[in-house]
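S.K.: Quick one, what's the 3D model for this:
(2 chains)
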Amino acid sequence: SAVISQKPSRDICQRGTSLTIQCQVDSQVTMMFWYRQQPGQSLTLIATANQGSEATYESGFVIDKFPISRPNLTFSTLTVSNMSPEDSSIYLCSVEYGTFQETQYFGPGTRLLVL
Amino acid sequence: SQQGEEDPQALSIQEGENATMNCSYKTSINNLQWYRQNSGRGLVHLILIRSNEREKHSGRLRVTLDTSKKSSSLLITASRAADTASYFCATALYSSASKIIFGSGTRLSIRP
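M.R.: Prediction:
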C-alpha cells in the first residue's frame, strides 16, 4: 500500500486568510485526489490532480477558491483561499494505487478550524 | 447528491454481536468499496467488490453486492471494541472508474 502524509495535521485560522495543505506520497502515483469532510458528514470530492495537467474540479468547487498544485508524481498541495467559518472541515488527500489502480489510500487528513 | 445512502445512520451493539450495514446506490458501478474512519481521522480501505462479484470475505468482514437492487451490505462478525468507527461505502462509476463517490456513512458503536 501507499503511505501518505499531510501537513499540517490541524490548524486554526482567521477568516480571510489562506492555508496551503501539503500531501506527500512514498511512491510515484498518477492520480491524486482532494476531499473535504465537513463536520459529521461524509467525504466530498473537491478535485482530481494529475501531474503535468490542471486539476479537474467537481461541481461546486472552483480553482480560485481551492487552487491545487501537482509539481511531481509524489506531491500535491491544496490551498483553501479567503477562508470563512464554512470552510472548517477535514481535508484529505488520497491516491490511486495497486495492481488495478482501483483502491484509494488516504492521508491522515488536515483538520481546519476557521474563526 | 450522494451516490450512496447507508443505513442505519448509527448502530450500537454489544461486543461479540454481528454488525450489518447497508449501502444503496443510484447508477451503474465498476466496483464498490468499504472504508473505515476512526474519530475523524484518515480512511482505511477495508474491501473492494467488483460489479461481477456477489460476495467477498476478508477476515471477519463479509461483503455482498446485488447489482439488480443497486445495494451492498457489510457484515462484521464477532464485533470488538476496536471496531467502533464510521463505515463508508464508496462506488466507482463505469463512466469514471477512478473517481469514487462516498455514501453517507454508518456510525458503529460497540458496547463492552
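S.K.: Which elements pack onto the lowest-mean-pLDDT helix or strand in chain B?
M.R.: Taking mean pLDDT, DSSP states H and E as the measure, chain B has strand B:4-7 as its least confident helix or strand, at a mean of 82. Judged by 3 or more Cβ pairs under 8 Å, 6 or more residues apart in numbering or on different chains; DSSP states H and E, strand B:4-7 is in contact with strand B:19-25, strand B:85-93. No exception for glycine: its C-beta is placed from N, CA and C like everyone else's.
S.K.: what's the most buried one of those?
M.R.: Ranked by mean neighbour count, those are led by strand B:85-93 with a mean of 24 (mean count of other Cβ atoms under 10 Å in any protein chain shown).
S.K.: Please name the residues that touch A:Thr30.
M.R.: Contacts for A:Thr30 (Cβ atoms under 8 Å, 6 or more residues apart in numbering or on different chains) come out as A:50-51, A:73, A:96, A:101.
S.K.: The same query, at a cut-off of 6 Å, please.
M.R.: Applying Cβ atoms under 6 Å, 6 or more residues apart in numbering or on different chains to A:Thr30 gives no contacts.
S.K.: Please name the residues that touch the residue most central in space within chain A.
M.R.: Centroid-nearest residue in chain A, with Cα atoms, centre = their mean: A:Trp34, separated by 3.3 Å. By Cβ under 6 Å, 6+ apart, the residues touching A:Trp34 are A:46-47, A:78, A:93.
S.K.: residues from chain B in reach of chain A?
M.R.: B:31, B:40-43, B:45, B:98, B:102, B:104-105 (Cβ under 6 Å from any Cβ of the partner chain).
S.K.: repeat that for 8 Å
M.R.: Taking Cβ under 8 Å from any Cβ of the partner chain as the contact definition, chain B meets chain A at B:2, B:30-31, B:33, B:35, B:40-45, B:48, B:88, B:90, B:92, B:97-105.
S.K.: Which helix or strand in chain A has the lowest average pLDDT?
M.R.: strand A:103-106 (a mean of 88).
S.K.: how about the CA coordinates for it, as CSV?
M.R.: Below are the C-alpha coordinates for strand A:103-106, written out as CSV (Å, rounded to 0.1, in the frame of the first residue of the first chain):
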residue,chain,number,x,y,z
THR,A,103,-8.1,1.2,-4.4
GLN,A,104,-7.6,4.6,-2.9
TYR,A,105,-5.3,5.2,0.0
PHE,A,106,-5.9,8.2,2.2
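S.K.: After it, which helix or strand is next?
M.R.: strand A:110-114 (DSSP states H and E).
S.K.: can you give me the mean pLDDT across that next one?
M.R.: Confidence for strand A:110-114, expressed as mean pLDDT, is 97.
S.K.: Which secondary structure elements does that strand sit against?
M.R.: In terms of contacts (3+ Cβ pairs under 8 Å, 6+ apart), strand A:110-114 is packed against strand A:10-13, strand A:89-97.
S.K.: Note down every partner strand of that strand and its orientation.
M.R.: As defined by DSSP bridges, the strand partners of strand A:110-114 come to strand A:10-13 (parallel), strand A:89-97 (antiparallel).
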